[in-house]
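Asker: Got a predicted structure plus its sequence, pasted below:
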Amino acid sequence: MTTAVFHHPSSLQHDTGIGHPERVERVQVVWRALRSIEGLEWREAPSATPEQIMRVHTSALYDMISVFGEGALDADTVLSEPSFTAALHAAGAVCAAVEAVHAGQIKNAFCAVRPPGHHAEPDQAMGFCLFNNIAVGARQAQALGYPRVAVLDFDVHHGNGTQTAAWNDANFFFASSHQWPHYPGTGAHSERGAYGQIHNAPLPEGCGSGPFRAVWQNELLPALEGFAPDFIFMSAGFDAHLADPLGGLGLTTADFSWLTAQISQIAAKSCAGRVVSSLEGGYNLAALADSTVAHVRALLECP
Ligand SMILES: [Zn+2]
């Protein structure tokens, strides 16, 4: 069994307009870079069903996005006519990846899709995100008989939407490292969820590898092990890279390899290696490509 890459051409149709950092070229460079890795299995992502989306989101949000068409939802979040379709396939990628891991067809998976998802709240699209792909995937795993799900989020921004989706579910673990203070403003250490199953590690701008690895090693990864997940998800944002124009944590590609390997080792021990990762941020194209390759190589090489 190998690592699968889920993708869909609709990721190229979601047009956010000239000058927007969350742009079509992001998936183009990611796909091109991943093609250089031998042994990956490429799979086209299906569309998520309304039922799958509405395990996380309100029907009002679903209906609004389905008919929105072209325009700006807020200052950051811009849609074109095909954006709804792209968003359905982005969430559908994570669901299909869960199903393929569940069926024993693949070892683990990376979803190379856009729009990203972790800022999308159950009732509100925001921060370049329409539907919360990783939370929809986590709910799919629960529906398939993996009650205890964990989302690890290393994007430079806090995954506010995922945190909200997890908040009242004792079986939904969420851990995040992120720059602080920074967009979207949530993610204080004191935000712990209704059952203490949420773990936030805010980091100061410019902290670099040392403090990043320390919070994962000493705080977030031990919490994950203690939770004993049945299925592990990663919100893989690469905007904490030192070359990224939107983030300022100063990480390197080696940090992403390291964390991916650490998480995969816990997955091997606690949940037979069941890991699905999905692309979030990352806005310097060269750093995004290099970081994604490092991340997917670590998924491929994990036990
Ligand atoms: Zn981000």
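Answerer: Cool, got the structure.
Asker: Residue of this protein nearest the ion, please.
Answerer: Per Cβ to the ion, the residue of the chain with the smallest distance to the ion is G281, at 2.8 Å. Quick note: C-beta positions are derived from backbone N, CA and C, even for glycine.
Asker: mind checking how far that residue is from P229?
Answerer: 24 Å (Cβ to Cβ, to the nearest Å).
Asker: Over to V27?
Answerer: 28 Å.
Asker: sorry, back to before: tell me the pLDDT at the residue of the chain closest to the ion?
Answerer: On pLDDT, G281 comes in at 98.
Asker: That one and H157 touch, don't they?
Answerer: Yes. Between G281 and H157 there is a contact under Cβ atoms under 8 Å: 6.4 Å.
Asker: name the element the spatially most central residue of the chain belongs to?
Answerer: Nearest to the mean C-alpha position of the chain, counting by Cα atoms, centre = their mean, stands S235 at 2.3 Å. Secondary structure from DSSP states H and E places S235 in strand 231-236.
Asker: Could you see whether the ion lies near that strand?
Answerer: No. Strand 231-236 lies out of reach of the ion by Cβ under 5 Å from the ion, never closer than 9.0 Å.
Asker: Parallel or antiparallel, list what pairs with that strand.
Answerer: Strand 231-236 pairs in its sheet with strand 149-153 (parallel), strand 275-279 (parallel), by DSSP bridges.
Asker: quick one: which of those strands is nearest W31?
Answerer: Ranking the strands paired with strand 231-236 by proximity to W31 (Cβ to Cβ) places strand 275-279 first, at 10.7 Å.
Asker: give me every residue that touches the residue of the chain closest to the ion.
Answerer: G281 sits next to 22, 116, 128, 155-157, 237-239, 244, 246-247 when contact means Cβ atoms under 8 Å, 6 or more residues apart in numbering.
Asker: Just the residues you listed: which are in strands?
Answerer: Nothing among those maps onto strands, per DSSP state E.
Asker: Using a markdown table, please lay out these together with neighbour count, distance to S36 and pLDDT.
Answerer: Output for the contacts of G281, formatted as a markdown table (neighbours: other Cβ atoms under 10 Å; distance: Cβ to Cβ, whole Å; pLDDT from 0 to 100):
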| residue | neighbour count | distance to S36 | pLDDT |
| --- | --- | --- | --- |
| E22 | 21 | 24 | 98 |
| P116 | 30 | 23 | 98 |
| F128 | 25 | 27 | 98 |
| D155 | 26 | 24 | 98 |
| V156 | 26 | 25 | 98 |
| H157 | 28 | 28 | 98 |
| G237 | 29 | 21 | 98 |
| F238 | 30 | 17 | 98 |
| D239 | 28 | 22 | 98 |
| D244 | 23 | 22 | 98 |
| L246 | 18 | 26 | 96 |
| G247 | 26 | 25 | 93 |
